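1. Based on what follows, work out the 3D shape:
(one chain, ligands or ions: 1)
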Amino acid sequence: MRGIALISEYKRCAPGRFVAYIEPWTYSSLVAGFSTAFSVLTEPYWFCGSPDIIQVFLETGLPVLHKDFVVGRGQLLQAACHGASAALVILDTVGWRSLDNIYSQARDMGLDLLVETFRGGDAAAVAGSYPGVAVGINSRDLSTLKVDYMRMLVELELASSKGPGRALYVAESGIDAPDKAAEAVGRGAKAVLVGTAMMKKPELAREIIEAVKGRLSSV
Ligand SMILES: O=P(O)(O)OC[C@@H](O)[C@@H](O)c1c[nH]c2ccccc12
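-> A predicted model of the protein is given here:
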């Protein structure tokens with residue numbers, strides 16, 4: 001993925017909670033100027049998403065990440081057919097063996113991957129084994145849905161100290177204030193991914209960029 005720095009996520013709901021309702025075109029026009037990519041929840045049941053929403057964000061010319069629980073080729077095809085430039089894969093959901101397959105299938109389709117984990121050691125291993133993938137370090141433990149931002153910072157630091165220097169770490173979840181974004185960048189994140197807080201308050205995009213000015217990458 002090129003030029004990632006602030007990844008703005010469009011997410012109307014999440015398991016067990018309503019996030020915010022803002023039309024995709026309104027969100028897009030408010031945050032596009034500060035974003036380097038969009039992430040769009042396409043999963044319908046838990047996240048009120050749809051792959052059709054991707055189109056709205058493509059109009060900005062920015063890369064769009066298709067966000068679903070990808071376990072195989074069908075969902076990668078869906079992402080590619082809807083014009084996404086990248087898809088999310090969760091390491092703990094697919095395991096290392098399937099990740100290998102998914103990685104080569106995605107490459108054949110011209111899709112980039114964001115491989116997500118919540119452990120720094122795994123993040124470093126993914127970055128070392130799959131050059132060019134973005135590696136998400138999630139503050140949310142997907143088995144309990146608990147967000148622990150401080151733990152994510154520790155894992156991020158661990159990943160940065162172990163992984164290759166060019167690793168593209170993305171800090172994910174629970175970033176709801178500019179100083180949290182800046183802190184994650186200070187600990188080695190090359191990009192931050194923000195959903196809930198920006199859905200509720202799109203102006204946060206500008207505030208985040210100001211807080212991390214000169215530190216975010218344009219890899
Ligand atoms: O809304 P937040 O706390 O800013 O989090 C965004 C993003 O990290 C979160 O939506 C997410 C991270 N990994 C996922 C996997 C599937 C669905 C959603 C996610």
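2. now Leu76: how far from the ligand?
-> 15 Å (CB to the nearest ligand atom, to the nearest Å). Where C-beta positions appear, they are placed from N, C-alpha and C, glycine not excepted.
3. oh, I was asking about Phe38
-> Applying CB to the nearest ligand atom to Phe38 and the ligand gives a distance of 12 Å.
4. residues contacting the spatially closest residue to that residue that is not a sequence neighbour?
-> Spatial nearest neighbour of Phe38, excluding adjacent residues (CB to CB, 6 or more residues apart in numbering): Phe57 at 4.3 Å. Contacts of Phe57 were listed using CB atoms under 8 Å, 6 or more residues apart in numbering, and they are 10, 24, 28, 38, 40, 64.
5. Run a quick neighbour tally on Phe18.
-> Neighbourhood size, Phe18 [other CB atoms under 10 Å]: 9.
6. Now do the residue nearest to it when sequence neighbours are not counted: how many residues are near it, please.
-> Using CB to CB, 6+ apart and skipping residues adjacent in sequence, the residue nearest Phe18 is Arg12, 7.7 Å away. Counted by other CB under 10 Å, the residues lying close to Arg12 total 19.
7. For Gly132, the count of nearby residues, please.
-> Gly132 has 12 nearby residues by other CB under 10 Å.
8. Tell me the secondary structure at it.
-> Classification of Gly132 using DSSP: H, G, I helix; E, B strand; the rest coil returns coil.
9. what's it sitting at in phi/psi?
-> phi 90, psi -20 (degrees, to the nearest 10).
10. Next one: it from the ligand, what distance?
-> 20 Å.
11. can you give me the strands in the protein?
-> Counting by DSSP state E, the chain has strands at residues 6-10, 13-14, 17-18, 37-41, 64-67, 86-90, 112-117, 134-138, 140-141, 146-147, 168-172, 191-194.
12. Take those and lay them out in TSV including mean pLDDT.
-> Converted to TSV, the strands of the chain look like this (pLDDT from 0 to 100):
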stretch	mean pLDDT
strand 6-10	98
strand 13-14	96
strand 17-18	95
strand 37-41	98
strand 64-67	98
strand 86-90	98
strand 112-117	98
strand 134-138	97
strand 140-141	91
strand 146-147	94
strand 168-172	97
strand 191-194	97
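13. Please produce TSV containing those strands, extended by distance to Leu156.
-> Putting the strands of the chain into TSV (distance: least, CB to CB, whole Å) gives the following:
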stretch	distance to Leu156
strand 6-10	15
strand 13-14	22
strand 17-18	25
strand 37-41	18
strand 64-67	19
strand 86-90	17
strand 112-117	11
strand 134-138	5
strand 140-141	14
strand 146-147	14
strand 168-172	6
strand 191-194	11
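14. Let me know which of the ones you listed is the nearest to Gly49.
-> Shortest distance between Gly49 and these, using CB to CB, is found for strand 37-41: 3.6 Å.
15. which other residues reach the closest one?
-> Residues external to strand 37-41 that are found in contact with it (CB under 8 Å, 6+ apart): 1, 3-4, 7-12, 24, 28, 32, 47-49, 53-54, 57, 60, 62-68, 84-86, 88, 193, 195.
16. Direction-wise, compare that strand with strand 134-138 and give the angle.
-> 60 degrees (axes from the mean of the first three to the mean of the last three CA atoms, to 10 degrees).
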